[in-house]
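>>> okay, sequence plus prediction incoming.
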Amino acid sequence: METIIYDVVVIGGGPAGMAAAQKAASDPSLRVLIIERDHYLGGILNQCIHPGFGLKIFNETLTGPEYAERFIQFVHEAKVDCLLDTMVLAINSNNALTAINSDEGRMTIKFGALILAMGCRERSRGSVIIPGTRPSGVFTAGTAQFYVNIKGDKIGERVFVLGSGDIGLIMARRMTLEGAKVLGVAEIMPHSSGLTRNVVQCLEDFDIPLYLSHTVVAIRGTKRLEGVTLAKVDSAYRPIVGTEREIDCDTLLLSVGLIPENELTRVAGIEMCDKTKGPIIDNRMQTQRSGIFACGNVAQVHDLVDYVTEESQIAGYNAALFAKGKTKSTVAGIVVTVTPDFSMVSPQRLSFIGCDGTQLDSANIMLRVSHPAKSGVVVISAEANRLVTKRYNHLTPGESIHLALPLERIPATCQAIQIRLEVSI
């Protein structure tokens with residue numbers, strides 16, 4: 001079995017992996033490798049043909065393939081090696097991983113630093129347990145996007161969408177533009193789980209109804225989907241008897257959440273976060289296993305690819321420093337906690353020291369609120385001292401909050417910081 005040696009290895013060739021690899025390879029003395037299981041780089045961006053990418057990174061609006069193409073070019077210019085059509089089987093304990101493809105067969109790849117950038121996957125029908133038959137015509141929204149945008153297939157005439165995640169909202173608009181009749185979008189929560197701009201541009205602009213506090217309780221059809229049963233839900237998300245209504249449709253798209261792709265991470269024994277469903281990371285994007293970093297949707301699901309890119313560049317920079325042996329620290333010790341006002345926070349640990357042994361100035365904190373609020377103040381505190389306060393006029397679970405935390409404000413003896421939301425009544 002062949003053994004290959006690289007300074008930095010990145011698992012995943014999507015937006016996170018490419019940005020991390022490019023940043024790591026900015027040091028020409030390092031050998032950097034991307035391992036991607038697909039036939040090409042770009043990841044999910046290749047099927048996202050709608051505009052809206054790159055506003056923060058490039059100061060212009062791009063489609064997904066255009067955004068991907070820029071980073072593919074960056075990766076090639078940085079002389080990053082790429083193994084495509086290659087599957088990583090395991091991350092070993094001796095700074096090595098096992099991978100396989102049809103050309104080289106089974107191989108061992110040793111690394112100085114490893115970056116996890118495997119992205120995320122969609123929840124399926126089994127995750128939401130909808131009673132009924134199993135006819136054709138039931139797709140996850142991302143699968144439907146692949147068939148329509150990549151394969152050029154027509155997947156249905158009368159469409160209903162369950163879940164108001166961004167992919168579901170975008171596909172409601174896409175199916176309308178393809179000539180299908182989109183009958184509505186149902187969301188079990190009392191608020192949308194997607195970006196506000198997508199609710200406006202994808203539903204309101206096309207007169208597609210959004211049914212909040214509703215869910216699909218049954219599927220009808222044998223060979224092909226014939227319809228679904230829609231019902232209101234109570235505050236405990238249980239269907240309310242007597243509110244059922246039948247909707248005749250031949251296609252149901254499921255947009256019921258994304259899950260970070262972390263089978264490899266768990267098998268490697270890396271500590272996981274219950275809230276993000278990704279590995280616990282620090283402000284250097286390092287996991288609790290020294291020398292292994294994580295970024296993008298494998299760490300937590302992001303709302304914008306620009307945030308993925310920024311985060312991944314931090315991972316690439318620090319992985320390069322670690323690989324060169326400049327690190328003076330191992331895992332971070334300061335714990336970041338949040339009140340129930342927030343559904344997640346990243347990073348979950350903080351370090352004062354960078355991977356080159358120098359003092360860090362600040363840490364980027366990403367949050368999501370649990371419930372919408374018209375206004376509120378986000379407060380970061382340590383040992384009863386307010387470190388950062390910032391007011392927001394509109395807070396929604398579909399849009400992440402980003403704060404810069406000056407590390408010099410944290411007391412040297414601090415072991416944990418807390419983040420809470422103060423809402424005006």
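All right, it came through fine.

>>> have a look at the chain and report its longest helix.
helix 305-323 (DSSP state H).

>>> hey, C-alpha coordinates of that helix in PDB?
These are the backbone C-alpha positions of helix 305-323, laid out as PDB (Å, rounded to 0.1, in the frame of the first residue of the first chain):
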ATOM      1  CA  VAL A 305     -20.800  30.800   1.500                       C
ATOM      2  CA  ASP A 306     -18.800  34.000   2.100                       C
ATOM      3  CA  TYR A 307     -18.800  33.200   5.800                       C
ATOM      4  CA  VAL A 308     -17.600  29.600   4.900                       C
ATOM      5  CA  THR A 309     -14.700  31.100   3.000                       C
ATOM      6  CA  GLU A 310     -13.700  33.500   5.700                       C
ATOM      7  CA  GLU A 311     -13.700  30.800   8.300                       C
ATOM      8  CA  SER A 312     -11.900  28.300   6.100                       C
ATOM      9  CA  GLN A 313      -9.100  30.800   5.400                       C
ATOM     10  CA  ILE A 314      -8.500  31.000   9.200                       C
ATOM     11  CA  ALA A 315      -8.300  27.200   9.300                       C
ATOM     12  CA  GLY A 316      -5.900  27.100   6.400                       C
ATOM     13  CA  TYR A 317      -3.600  29.700   7.900                       C
ATOM     14  CA  ASN A 318      -3.400  28.000  11.200                       C
ATOM     15  CA  ALA A 319      -3.000  24.500   9.800                       C
ATOM     16  CA  ALA A 320       0.000  25.800   7.800                       C
ATOM     17  CA  LEU A 321       1.600  27.200  10.900                       C
ATOM     18  CA  PHE A 322       1.000  24.000  12.700                       C
ATOM     19  CA  ALA A 323       2.500  21.900   9.900                       C
END
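
>>> in the helix or strand that that helix is followed by, which residues are buried?
Scanning forward in sequence from helix 305-323 by DSSP states H and E, the next helix or strand is strand 334-338. Using 16 or more other CB atoms under 10 Å as the burial criterion, the residues of strand 334-338 that qualify are 334, 336, 338. In this view, the C-beta of every residue, glycine as well, is placed from N, C-alpha and C.

>>> related to what we said a few turns ago, what's the average pLDDT for the longest helix of the chain?
When pLDDT is averaged over helix 305-323, the result is 97.

>>> what segments of the stretch 151-300 of the chain are helices?
166-177, 196-198, 263-267 (DSSP state H, counting those that start in this stretch).

>>> highest mean neighbour count out of those?
When the helices of the stretch 151-300 of the chain are scored by mean count of other CB atoms under 10 Å, the highest mean neighbour count falls to helix 166-177 (a mean of 24).

>>> what packs against that one?
helix 141-146, strand 158-162, strand 181-187, helix 196-198, strand 251-254 (3 or more CB pairs under 8 Å, 6 or more residues apart in numbering; DSSP states H and E).

>>> by mean pLDDT, flag the weakest helix or strand of this structure.
Lowest on mean pLDDT, DSSP states H and E among the helices and strands of the chain sits helix 125-128, with a mean of 78.

>>> domain boundaries for this protein, per the record?
1-122+259-327, 124-256, 332-425 (automatic domain parsing).

>>> now do the same end-to-end measure for the second one.
Just to be clear, that refers to domain 124-256. Using CA to CA, to the nearest Å, the end-to-end distance of domain 124-256 comes to 8 Å.

>>> from residue 306, how far out is the spatially closest residue to residue 197 that is not a sequence neighbour?
Excluding the flanking residues, the one nearest residue 197 by CB to CB, 6 or more residues apart in numbering is residue 52, at 7.8 Å. Distance, residue 52 to residue 306, by CB to CB, to the nearest Å: 10 Å.
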